[in-house]
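J.: Predicted model follows, preceded by the sequence.
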Amino acid sequence: MRIACLLIPHFPHQIEQRRQGKGLSYPLMITKGNEAHRYIYDSSEELKIPFGTPLQEALSTHKNYKVIEADEFLYKQIHEEILDGIQERLPVIEDAGLGCIFIDLQGSEILYPNDAYLARALLEAIPFYLQGKLGIASGKFTAYLSALQARSGSATRAPLNQEGFLQGFSINLLPISKTIKNRLHGFELHSLGDLVPLGIGPLQAQFGPEGNLAWKLSSGKDERSVIPRSRQEVILEELIFPTPTVSLAFVLL
């Protein structure tokens, strides 16, 4: 199994940065929520503010910024356009959230003779004003980490020794709940390499299915397949009447 991960880091921020234009002199904080609970939706990469951080907490630790409201409709629209572009190149893709797409590479060698051609085709599906990167591996999680390691506008392929490649990454990157991550940190387990020697049994006994998943992904044993995205086709029809009509009865005939 070969899977690619197309990643556009800080997707909302990249879009807003273009909308704000060259005159933007301060880092952006993109927020969501009501007045009682407004939180960080995305921000400039240099601010390093986690998603969900309360706005007041973020404002207390950062100076010289610009706060704007998230335009989720626009972000989703652009994301869907990118999904369509990727699916025109390879049919089996998974929408993993704004700016993150998994692609099943089975059969891709028929269209693309090597990974260089493949990477160029997939990266060209991204609008010119967004910086994306691509990771290729035998599993979804490793492909995602490979994409994180790639430079903007380029691709990287995970080495065959996946366990050696994975061990230095933080457990915060695992697709498990924040509660479980905090408990792992409490046991002084901070990296993927810290989890592997424990074995699957103790982790599953202590943390249930999420412990099982955490050990498998940390060991490079990612059995999850790409969940195919169903493409919706919009069919439009129109009726032209010889004379204007305001009655629904004529339409239903």
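T.: Nice, I can see it. Computed from a predicted model, the values in this text were never measured in an experiment.

J.: Next, the closest residue in space to Val92 that isn't next to it in sequence: phi, psi?
T.: Excluding its sequence neighbours, the residue lying closest to Val92 (Cβ to Cβ, 6 or more residues apart in numbering) is Asp104, at 3.8 Å. Using the backbone N, CA and C atoms, a C-beta is placed for each residue, glycine as well. Here is the backbone geometry of Asp104 (degrees, to the nearest 10): phi -80, psi 120.

J.: What average pLDDT does stretch 5-23 get?
T.: Across stretch 5-23, pLDDT averages out at 89.

J.: scratch that, stretch 191-203 is what I was asking about
T.: Throughout stretch 191-203, pLDDT has a mean value of 95.

J.: Quick check: buried residues in that stretch?
T.: Ser191, Leu192, Gly193, Asp194, Leu195, Val196, Leu198, Ile200, Leu203 (16 or more other Cβ atoms under 10 Å).

J.: All the strands of the stretch 1-150 of the chain, in order from the start?
T.: 3-7, 28-33, 38-43, 66-69, 93-95, 100-104, 133-137 (DSSP state E, counting those that start in this stretch).

J.: I'd like to know which elements the fifth one is packed against.
T.: Right, the one you point to is strand 93-95. Packing partners of strand 93-95 (3 or more Cβ pairs under 8 Å, 6 or more residues apart in numbering; DSSP states H and E): helix 72-89, strand 100-104.

J.: So which bits of the longest one are buried?
T.: Think helix 72-89. Within helix 72-89, the residues that qualify as buried are Tyr75, Ile78, His79, Ile82, Leu83, Ile86, Gln87, Arg89, counting by 16+ other Cβ under 10 Å.

J.: Check what pLDDT the nearest residue to the fifth one once chain neighbours are set aside gets.
T.: Beyond its immediate neighbours in the sequence, the residue positioned closest to Leu83 (Cβ to Cβ, 6+ apart) is Asp95, lying 5.9 Å away. Asp95 is assigned 97 on the pLDDT scale.

J.: hey, what's Asp95 bridged with?
T.: Listed by DSSP bridges, the beta-bridge partners for Asp95 are Ile101.

J.: right, and it touches Pro228 too?
T.: No. At 9.9 Å, Asp95 does not count as touching Pro228 under the criterion of Cβ atoms under 8 Å.

J.: of those two, who's got more company?
T.: Each of Asp95 and Pro228 has its neighbours counted (other Cβ atoms under 10 Å); Asp95 has more, 17 against 13.

J.: sorry, back to before: show me the contacts for the residue nearest to Val92.
T.: Asp104 is in contact with Ile3, Leu90, Val92, Ile93, Ser225, Val226, Pro228, counting by Cβ atoms under 8 Å, 6 or more residues apart in numbering.

J.: So which of those residues is the closest to Leu28?
T.: Checking the contacts of Asp104 against Leu28 with Cβ to Cβ, the nearest one is Ile93 at 28.9 Å.

J.: So the closest one versus Pro127, what's the distance?
T.: Noted for Ile93: a distance of 17 Å to Pro127, by Cβ to Cβ, to the nearest Å.

J.: Could you check which of the two has the larger neighbour count?
T.: More neighbours surround Ile93 than the other of Ile93 and Pro127, with 23 against 14 (other Cβ under 10 Å).

J.: Next, work out how far apart the more buried one and Ser230 are.
T.: Distance of Ile93 to Ser230, computed by Cβ to Cβ: 11 Å.

J.: Same list (the strands of the stretch 1-150 of the chain) but as CSV, adding distance to Ser60.
T.: As requested, those are exported to CSV (distance: least, Cβ to Cβ, whole Å):
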stretch, distance to Ser60
strand 3-7, 30
strand 28-33, 12
strand 38-43, 12
strand 66-69, 13
strand 93-95, 35
strand 100-104, 30
strand 133-137, 33
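
J.: quick one, which of those strands is nearest to Pro175?
T.: Nearest of the strands of the stretch 1-150 of the chain (Cβ to Cβ): strand 100-104, 11.1 Å.
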